[in-house]
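> What would the 3D arrangement of this be:
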Amino acid sequence: MAVNKIEVLKSAKDGLDVLPDIQRYAALAAAGEDPQIPAEDFERFKWYGLFHRKPTPGCYMLRMRIPGGVLTSEQMAAVGEISNAVGRGTADITTRMNIQLRWLTIADAPWALQRLAAAGLNSQQSGMDNVRNIVSCPLSGLTAEEVIDTRLLATRMQQAIVGGKRFSNLPRKFNLSVTGCREDCGHAQTHDLSYVPAERDGIVGFNVLVGGALGGMSPEYARPLDVFVTEGDAVELTTSILEVYRDHGLREKRKESRLKWLLRAWGMERFRDAVEAQFGRELSHAGRPLSDRHGGDHIGITAQQDPELRTVGCLVPVGRTTGDDLIGFARLAKEYGTAELRLTVQQNVLIPNVPAARVPALLAEPLLQRYSPTPSAFIRSMVTCTGSDYCAFALIDTKGEALRLAESLDARYSFADGSEQVRFQISGCPHACGQHRAGEIGLLGARKRIDGESVDVANIFTGGRLGDDAELGELATPNVTMFDLPEQVAQQVRAVRGDDALIDRSEPVLAD
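Below is the predicted model:
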């Protein structure tokens, strides 16, 4: 059996021990010397959110932690400042409610990490075999229908997990969500571990789902663990689950190391028994679910629990923005709201706590003409992975192609009155960071040789959905060229939703 090189690397030195090396390499680079960074340290840098990227030689991506996607204006402005100073003014909002910057050099790293820390942010353990950014409902604490405000809980979970070596060497990455809303804003079934609101014996708390992972050739949605837990015990249960995974997860084959593989090997009952033993007391069985909807994007104007306040949801097309515009969002949140912003799993920005009387003035701001709360139908629904411009695994430029696809569809088609918008999820490779198998229409980028030339193509998947009747999307049309993609996507939308779901404005209207 081949040796798992990452396990060898971690055994030699924990990733959290690489910070002095980062500082040493940075000092050498700043002095004009070649720091001669070994390949294994490129991997360890990811424990501090620094990712060396082959498409940008000599430069790094910086990913930070933003539990629950909640930011102050000061923090958002600090991220924009870092982007402008050392990241060529680029930034991406991710499907995990955090932000990634590009183009940092190793010499830039110490200042960037210090600037994040000064703003109360960090990038620790945001990559590799760690618990990734904790996802929550972006409207936590704001809406009248909310069951549990999970902002503090998401922060407490991060504090229990990040910063020490207790969970710095998991078998593989671990995605975690905790949501207290009725709308499944965090897409619970797509994570290794999720908490969703529930009620048992008159007590409000959470049901637990485990084992979701959509990458690779065998994607799975998370399944019920048959556990109900109170808000007060959720952090302890989380650490118990992580300890079982840390100690018993499969480490031999890296492609088979996610939690779902341990669940396949053990079965749910044995895993639950192990978690209960680690927890140290009997676990309650699952309660009555309190989620009844799935996947709202919160674009537009949303009423809050306070009748005088609104949240303004702004579309960030395919999640890509600039340092200047992050600073602009920070200014607007401070001027019109309470100096707070929220990020979403659909890669967008929300400005909460805006007095209703001030909403028209906010909507008139120039920044919101580019990041509209009333976007066109198709660009609103596009969610993508990073794409080939920055990711060595991606086979196509997902963000660029998604924008071109949305523009083509918007130019020709509109949704019929009463027809809900279709969720488009776009991945550039089988790692499935765009979660294409969860989209009602999913696109997986590929390359195909046509007439002797290698060209970009997309495999179209249909039928992905979350909820009680969750299904993974299935391949509907393979190897569609980018030229043919708009028409083929429109055909699949009609196949999924019905022939009258789309209105083709290019067709002549016949008189009665």
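> where does the protein dip in pLDDT?
Within the chain, the stretches with pLDDT under 70 are 1-2, 418-419, 508-512.
> and residue 455, how far is that from residue 264?
As judged by CB to CB, to the nearest Å, residue 455 and residue 264 stand 37 Å apart. Every C-beta, even on glycine, is put in place using the N, C-alpha and C of the backbone.
> let me redo that: residue 434
From residue 434 over to residue 264 the distance is 24 Å, taken as CB to CB.
> who's more crowded, those two?
Using other CB atoms under 10 Å as the criterion, residue 434 and residue 264 rank with residue 434 on top: 31 against 14.
> So the more buried one, which state does it fall into?
When classified by DSSP: H, G, I helix; E, B strand; the rest coil, residue 434 comes out as coil.
> Contact partners for it?
95, 383-385, 398, 425-428, 442-443 (CB atoms under 8 Å, 6 or more residues apart in numbering).
> Could you rerun that using 7 Å?
Applying CB atoms under 7 Å, 6 or more residues apart in numbering, one finds that residue 434 lies in contact with 383-385, 398, 425-427.
> With respect to residue 72, which of the residues you listed is nearest?
residue 383 (25.5 Å; CB to CB).
> Doesn't the closest one lie inside a strand?
Yes. Residue 383: assigned to a strand according to three-state DSSP.
> what's residue 353 sitting at in phi/psi?
Backbone torsions of residue 353, given as degrees, to the nearest 10, read phi 60, psi 40.
> got it, and residue 136?
Torsion angles at residue 136 (phi, psi; degrees, to the nearest 10) stand at phi -150, psi -180.
> before we move on, what about residue 146?
Phi and psi for residue 146, reported as degrees, to the nearest 10, are phi -60, psi 140.
> now do residue 275
As for residue 275, its main-chain torsions (degrees, to the nearest 10) stand at phi -70, psi -40.
> What separation do you get for it and residue 293?
On the measure of CB to CB, residue 275 and residue 293 end up 29 Å apart.
> Which helix or strand contains residue 461?
Residue 461 belongs to strand 453-462 when elements are defined using DSSP states H and E.
> Same question for that strand: list its buried residues.
For strand 453-462, the neighbour count (16 or more other CB atoms under 10 Å) marks 456-462 as buried.
> Kindly report the same for stretch 210-220.
210-215, 219-220.
> Mind picking the one among the contacts of residue 434 that's closest to residue 22?
Nearest to residue 22 among those, counting by CB to CB, is residue 385 at 26.5 Å.
> What separation do you get for the closest one and residue 443?
Using CB to CB, we find residue 385 at a distance of 10 Å from residue 443.
> list residues touching both of the two?
residue 426.
> returning to that earlier point: paired strands for the strand holding residue 461, with orientation please.
strand 441-450 (antiparallel), strand 474-481 (antiparallel) (DSSP bridges).
> So which residues make contact with the first one?
Translated: strand 441-450. When contacts are defined by CB under 7 Å, 6+ apart, strand 441-450 is touched by residues 394-396, 398, 422, 424-429, 436, 454-462, 464, 473, 479, 489, 492-493.
> Then the shortest one?
Where contact means CB under 7 Å, 6+ apart, the residues beyond strand 474-481 that reach it are 446, 448, 455, 457-463, 488, 492.
> Tell me, how many residues neighbour residue 128?
Other residues lying near residue 128 total 22 when counted by other CB under 10 Å.
> just the one 3 residues further on next, same as before
Using other CB under 10 Å as the criterion, residue 131 is surrounded by 25 other residues.
> just the one 5 residues further on next, same as before
Applying other CB under 10 Å, we find 30 other residues in the vicinity of residue 136.
> give me the number of residues near the residue lying closest to it once chain neighbours are set aside?
Take residue 136 and drop its neighbours on the chain: the residue closest to it by CB to CB, 6 or more residues apart in numbering is residue 68, 3.7 Å away. Residue 68: 28 surrounding residues under other CB under 10 Å.
> got a list of what residue 68 touches?
Residues near residue 68 by CB under 7 Å, 6+ apart: 97, 134, 136, 140, 150-151, 154.
> Narrow the residues you listed to those in helices?
Counting by DSSP state H, the part of the contacts of residue 68 found in helices is 151, 154.
> out of the contacts of residue 68, who's nearest residue 322?
Comparing the contacts of residue 68 against residue 322 with CB to CB places residue 97 closest, at 18.9 Å.
> Let me know how buried that closest one is, in neighbour terms.
Neighbours of residue 97 (other CB under 10 Å): 27.
> Need phi/psi at residue 431.
Here is the backbone geometry of residue 431 (degrees, to the nearest 10): phi -60, psi -20.
> So what's the residue count around residue 393?
Neighbour tally, residue 393, other CB under 10 Å: 14.
> again with residue 296
By the measure other CB under 10 Å, the count of residues near residue 296 is 18.
> same thing with the one 4 residues further on?
For residue 300, the neighbour count with other CB under 10 Å is 16.
> Mind picking the two most distant members of the buried residues of strand 453-462?
Checking those with CB to CB, the most distant pair is 456 and 462, at 20.2 Å.
> With secondary structure and distance to residue 503 as added columns, please give the buried residues of stretch 210-220 in JSON lines.
Formatted as JSON lines, the buried residues of stretch 210-220 follow (DSSP: H, G, I helix; E, B strand; the rest coil; distance: CB to CB, whole Å):
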{"residue": "210", "secondary structure": "strand", "distance to residue 503": "43"}
{"residue": "211", "secondary structure": "coil", "distance to residue 503": "41"}
{"residue": "212", "secondary structure": "coil", "distance to residue 503": "36"}
{"residue": "213", "secondary structure": "strand", "distance to residue 503": "38"}
{"residue": "214", "secondary structure": "coil", "distance to residue 503": "32"}
{"residue": "215", "secondary structure": "coil", "distance to residue 503": "36"}
{"residue": "219", "secondary structure": "coil", "distance to residue 503": "33"}
{"residue": "220", "secondary structure": "strand", "distance to residue 503": "37"}
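> Can you tell me which of the residues you listed is closest to residue 202?
Residue 202 lies nearest to residue 210 out of the buried residues of stretch 210-220, by CB to CB, at 25.6 Å.
> How is this protein partitioned into domains?
151-180+188-289, 379-504 (automatic domain parsing).
> distance between the ends of the longest one?
Distance between the two ends of domain 151-180+188-289: 20 Å, counting by CA to CA, to the nearest Å.
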